[in-house]
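Student: Fold the stuff below for me.
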Amino acid sequence: MDFDTVAGELYGLPPNAFTAARDRCAAEARRAGDKELARRIAALRRPTLAAWAVNLLARGRPDDIRSLAALGEALREAHRALDGAQLRDLTRQQRTLVDTLARQAAQLAAEAGHRLGDAAQRDTEATLQAALSDPESAQEVAAGRLATALAAPTGFPAGGDRARTATVTTLEAARERRRLREEAPSREREARRRNAEAETAERARDEALREVETLRHRLEQARARAEEATARAAEARARAEEAGQPPEEDPG
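Tutor: Numbers count the residues shown, from 1 in each chain. Prediction:
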């Protein structure tokens, strides 16, 4: 078992089957003694419906994803060259290709038993637009292991100072997406740690309450025995007095 193989298999599953399969793989890795692999597998996040649909597209039609990335590179080159005619032609191709691939992703999802709603369809289109606009996003999409949809950039720049500004904005957005993705496992680990601590504290509280209840019950039993012993002693003194015998001293 290796991480890439496991991750590849998991992200090919429908979202509703992901969590159970991930947990089984993590448990198997732990039983095999590979704690680091188990940790990495357990940190994998269940894909959203849109991310899963794009994963299906990347796995089933990798040539289409490569065409998307190639068109993105052509658009970036046209922006650098400030070639207006080529930009207009490539922009039309961009809209057509993104729309076509988004419909294909929705069809693949429907064939696999999950219809995309309007929101998921928009997220699918945004992810494909991000792959076209950003080379790193294109690599993520091509890998077929998305857990969440990618944010679409504001668009390709028109040229001049606006081109440089928009390019910087796109790069900053890409860096922010990477930062959030890198921090997500840490946030999830912290959340799991806090949940585990809360569960431990709750178990300790319950155990303490059970011990208090046991001690209270024992105290009540001891009090009952003492009251019974006192009653027997009083009864014995009463019988002795009736018989004209001196009462026995209370041993207590």
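Student: give the contact list for the closest residue to residue 143 other than its chain neighbours.
Tutor: Distances taken as C-beta to C-beta, 6 or more residues apart in numbering place residue 58 nearest to residue 143, at 7.2 Å, with adjacent residues excluded. Glycine gets a C-beta too; all of them are placed from N, C-alpha and C. For residue 58, the contact set (C-beta atoms under 8 Å, 6 or more residues apart in numbering) comprises 65, 141, 142, 143, 144.
Student: what do you get if the cut-off is 10 Å, keeping everything else the same?
Tutor: Residues in contact with residue 58 (C-beta atoms under 10 Å, 6 or more residues apart in numbering) are 11, 64-66, 68, 101, 105, 131, 140-146.
Student: and if you look at residue 50?
Tutor: Contacts for residue 50 (C-beta under 10 Å, 6+ apart) come out as 102, 105-106, 109, 116-117, 119-127, 146, 148-150.
Student: sorry, back to before: for ChimeraX, write a command that selects the buried ones of the contacts of residue 58.
Tutor: Only the buried entries of the contacts of residue 58 go into this ChimeraX selection, using 16 or more other C-beta atoms under 10 Å:
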select :11,64,65,68,101,105,131,140,141,142,143,144,145,146
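Student: Tell me the one among the contacts of residue 58 nearest to residue 36.
Tutor: Nearest to residue 36 among these is residue 145, at 18.7 Å by C-beta to C-beta.
Student: Is that closest one in a helix, a strand, or coil?
Tutor: Secondary structure, DSSP: H, G, I helix; E, B strand; the rest coil: residue 145 is coil.
Student: So for the closest residue to it other than its chain neighbours, what's the pLDDT?
Tutor: Residue nearest to residue 145 in three dimensions, not counting chain neighbours: residue 11, with 4.4 Å by C-beta to C-beta, 6+ apart. Note for residue 11: predicted pLDDT of 93.
Student: go on, residue 225?
Tutor: For residue 225, the model assigns a pLDDT of 79.
Student: Would you quantify the distance from it to residue 143?
Tutor: Noted for residue 225: a distance of 73 Å to residue 143, by C-beta to C-beta, to the nearest Å.
Student: In contact with the residue nearest to residue 145, which residues?
Tutor: 18, 22, 44-47, 51-52, 55-56, 58-59, 143-147.
Student: can you check residue 119 too?
Tutor: 48, 49, 50, 149.
Student: now with 8 Å?
Tutor: Contact analysis of residue 119 by C-beta under 8 Å, 6+ apart lists residue 50.
Student: likewise residue 19?
Tutor: Residue 19 neighbours (C-beta under 8 Å, 6+ apart): residue 46.
Student: Extract the CA atoms of the host helix or strand of it and return them as PDB.
Tutor: Following DSSP states H and E, one finds residue 19 within helix 15-31. Written as PDB, here are the backbone C-alpha positions of helix 15-31 (Å, rounded to 0.1, in the frame of the first residue of the first chain):
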ATOM      1  CA  PRO A  15     -18.400  11.200  -2.300                       C
ATOM      2  CA  ASN A  16     -20.900   9.200  -0.200                       C
ATOM      3  CA  ALA A  17     -18.500   6.200  -0.300                       C
ATOM      4  CA  PHE A  18     -15.300   8.100   0.400                       C
ATOM      5  CA  THR A  19     -15.200   8.400   4.200                       C
ATOM      6  CA  ALA A  20     -15.800   4.700   5.000                       C
ATOM      7  CA  ALA A  21     -13.200   3.600   2.400                       C
ATOM      8  CA  ARG A  22     -10.700   6.200   3.700                       C
ATOM      9  CA  ASP A  23     -11.100   5.000   7.200                       C
ATOM     10  CA  ARG A  24     -10.700   1.400   6.200                       C
ATOM     11  CA  CYS A  25      -7.500   2.200   4.400                       C
ATOM     12  CA  ALA A  26      -6.100   4.200   7.300                       C
ATOM     13  CA  ALA A  27      -6.900   1.400   9.700                       C
ATOM     14  CA  GLU A  28      -5.200  -1.100   7.400                       C
ATOM     15  CA  ALA A  29      -2.100   1.100   7.300                       C
ATOM     16  CA  ARG A  30      -2.100   1.300  11.100                       C
ATOM     17  CA  ARG A  31      -2.400  -2.500  11.400                       C
END
